[in-house]
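Trainee: sequence below, structure please.
(one chain, ligands or ions: 1)
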Amino acid sequence: KSRGKPPQNPGAVLSWPSLSKQSTSRSSSLTPKGHGLVYSHQPTSMAERLAAAATLRAAASSGPLPAGRRAGPSSSAFFRSSSSSSPALRLVSLRAASSRPSQKAKSVGRGRSVRCMAAASDAAQLKAAREDIRELLNTTHCHPILVRLGWHDSGTYDKNINDWPERGGANGSLRFDVELKHGANAGLVNALKLMQPIKDKYPSITYADLFQLASATAIEEAGGPKIPMKYGRVDVTGPEQCPPEGKLPDAGPSAPADHLRLVFYRMGLDDKEIVALSGAHTLGRSRPERSGWGKPETKYTKNGPGAPGGQSWTAEWLKFDNSYFKEIKEKRDQDLLVLPTDAALFEDPAFKVYAEKYAADEEAFFKDYAEAHAKLSSLGAKFDPAEGFSLDD
Ligand code: HEM
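Mentor: Numbering: from 1, shown residues only. All right, here's what the predicted structure looks like:
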C-alpha cells in the first residue's frame, strides 16, 4: 500500500511538506496539560508560585535538548516540595490513567510530597507521532532508511555487558554525530533529518522510541507484518555514551557466515533470527557513495521513488514480502544486489534451512520476522516503566 505513485518531486527525500501543515493541528497536545501536569491545589507562597511557573515552563518547552529528554514529565526525575514548613506543591500526572499503564503518582515522606513519575515516552504522543510517520512515508517513500535507522541504533548491543548504556542497543545514541560518523552508518544522517521535526513536535517521546516506532511503522506500511512492539525506551544523554565503532556487521568479511554469527550471537540472536532479519533487505537499496556496495543505479532505481539511484535487492524495493529470499536464491538478475552476507544465507547449511523456508512460505517469514524485529528493537534498552508498554491497549 505504500507503493502508490512516485512522488511529485523525485529525489526530494528530505522534504516533508505535510509536517508543517500538521504542526498546528496537534499543538494542543503540547500544552502543559498535555504534558500531564496539573496542580492539585494552587500554590500560595511566592516561592511556590515561582517553582510552579518554572516547572510548567520546563514542561511546555519545545527547544531541542541534547539529552533528548526534557525536564517535563517524560523525564523520570521526580518533583518534590522543597520546604517542609509550607504546604506541599502537589503534582499529579494526568497520564497515569490514560497513557502510562503501570505508573502512578506516588506519595513519599509524610504525604506532604508527591513523587511525579513518568514513562520515558508519552503513549499519546507516540501514537500521534506514528500518524506523522505514516504521512512522511506516504510522501517521501523513506521506508528503507527508517528501518535501517532503527536497526543501527539497536544493533550495537552486547549481551556480555550488563551495564546500561555501556551495553549498547536501542537507546537513541545514534542521534549523536560521533556515532552517525561511524562507517556503517553512512547516509543515516538523512534519516535523522527526517525524524528531527517529529521529535521536536513531540517532546515527550524519546529518540530511542521514535527510531523504533519509525522502523516498525515503515515495515507495516510497506505491507509487512504487524510487529508486537513495546515502548518506554530511555535515551542516553550524551555523545560520550555512544558505543565504539565496529559493532555492526560488515557486508564483505572473509567468512561471512562466521562473521554474521559472531556479530548477531553477541546481540543474543540466533540463526533463525539472523536469516529472518536479513529479510529486511527486501526493502531499500545500497549506494556506492554510502556503504561502497551496489551499483550507482539500475533499471529498478533510476527513477526513484525518493532519491534515484543505488542497487536494490528486489525489484519492488518498497514492498515488504519474501522476494528477497527468492532473488538471492536464484541470483538471476544482474540489476539486483546480493551481498556476501546475503549469499551466505543459502550457503551455510544451518542458515539455508530457514532461507529455503522463507523463500517458499511468506507467512512463515512474516511470523518469524515480526518476532525477531520486536526482539531486535528492544536489545539493550532500558525501559521506563521497566516492562515497557504497548500502543495497542
Ligand atoms: C546481516 C547483516 C547485514 C549487513 C551486512 C547489512 C548491510 C547493509 C548494507 C551494506 C546496506 C547498504 C547501505 C547503503 O549503502 O545505503 C544496507 C542497507 C539496508 N539494510 Fe542492512 N545489513 C544487514 C542486516 C540488516 C538488518 C538486520 C536489517 C533490518 C532488520 C537491515 C536493513 C537494511 C535496510 C532496510 C537497508 C536499505 C536502506 C536504504 O535503502 O536506505 N539490514 N545493509
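Trainee: skipping adjacent residues, who's closest to residue 199 in space?
Mentor: Distance criterion Cβ to Cβ, 6 or more residues apart in numbering; nearest residue to residue 199, sequence neighbours excluded, is residue 210 at 5.7 Å. Any C-beta I mention is one placed from the backbone N, CA and C, and that applies to glycine too.
Trainee: test my guess that the one you found contacts residue 195.
Mentor: Yes. Using Cβ atoms under 8 Å, residue 210 is in contact with residue 195, at 5.9 Å.
Trainee: in terms of neighbours, single out the busier of these two.
Mentor: residue 210 (30 against 23; other Cβ atoms under 10 Å).
Trainee: return the nearest residue of the stretch 51-200 of the chain with respect to the ligand.
Mentor: As assessed by Cβ to the nearest ligand atom, the ligand sits closest to residue 144 within the stretch 51-200 of the chain, at 3.3 Å.
Trainee: contact partners for that residue?
Mentor: With contacts defined as Cβ atoms under 8 Å, 6 or more residues apart in numbering, residue 144 is in contact with 218, 283, 284, 285, 317, 318.
Trainee: can you do 6 Å?
Mentor: Contacts for residue 144 (Cβ atoms under 6 Å, 6 or more residues apart in numbering) come out as 283, 284.
Trainee: secondary structure element for it?
Mentor: With secondary structure defined by DSSP states H and E, residue 144 is part of helix 143-154.
Trainee: pull the CA coordinates from that helix and hand them back as PDB.
Mentor: The C-alpha trace of helix 143-154 is given here as PDB (Å, rounded to 0.1, in the frame of the first residue of the first chain):
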ATOM      1  CA  HIS A 143      10.600   3.300   4.500                       C
ATOM      2  CA  PRO A 144      14.000   1.600   3.900                       C
ATOM      3  CA  ILE A 145      16.200   4.200   5.600                       C
ATOM      4  CA  LEU A 146      13.900   4.300   8.600                       C
ATOM      5  CA  VAL A 147      14.200   0.500   9.000                       C
ATOM      6  CA  ARG A 148      18.000   0.800   8.800                       C
ATOM      7  CA  LEU A 149      17.900   3.700  11.400                       C
ATOM      8  CA  GLY A 150      16.100   1.500  14.000                       C
ATOM      9  CA  TRP A 151      18.400  -1.500  13.300                       C
ATOM     10  CA  HIS A 152      21.600   0.500  13.600                       C
ATOM     11  CA  ASP A 153      20.500   2.100  16.900                       C
ATOM     12  CA  SER A 154      19.700  -1.300  18.400                       C
END
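Trainee: could you pull out the helices for the stretch 101-250 of the chain?
Mentor: 123-140, 143-154, 177-180, 189-201, 207-221 (DSSP state H, counting those that start in this stretch).
Trainee: residue boundaries of the strands in the stretch 251-393 of the chain?
Mentor: All strands of the stretch 251-393 of the chain, identified by DSSP state E, counting those that start in this stretch, fall at 285-286, 311-312.
Trainee: tabulate these (JSON lines), appending distance to the ligand, mean pLDDT and mean neighbour count.
Mentor: Shown next, in JSON lines, are those (distance: least, Cβ to the nearest ligand atom, whole Å; pLDDT from 0 to 100; neighbours: other Cβ atoms under 10 Å):
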{"stretch": "strand 285-286", "distance to the ligand": "3", "mean pLDDT": "98", "mean neighbour count": "23"}
{"stretch": "strand 311-312", "distance to the ligand": "8", "mean pLDDT": "98", "mean neighbour count": "24"}
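Trainee: got the residues of the stretch 151-300 of the chain near the ligand?
Mentor: Contacts of the stretch 151-300 of the chain with the ligand, taken as Cβ under 6 Å from any ligand atom, map to 151, 187, 249, 251, 260, 277-278, 280-281, 283-287, 290-291, 293.
Trainee: recalculate using a threshold of 5 Å.
Mentor: Proximity of the stretch 151-300 of the chain to the ligand is confined to 151, 187, 249, 251, 277-278, 280, 283-287, 290-291, 293 under the rule Cβ under 5 Å from any ligand atom.
Trainee: relative to the ligand, how far out is the closest residue to residue 137 other than its chain neighbours?
Mentor: In this structure, residue 137 finds its nearest non-sequential neighbour in residue 221, 5.0 Å apart by Cβ to Cβ, 6+ apart. Separation of residue 221 from the ligand (Cβ to the nearest ligand atom, to the nearest Å) stands at 13 Å.
Trainee: before I go, just wanted to say thanks for your time.
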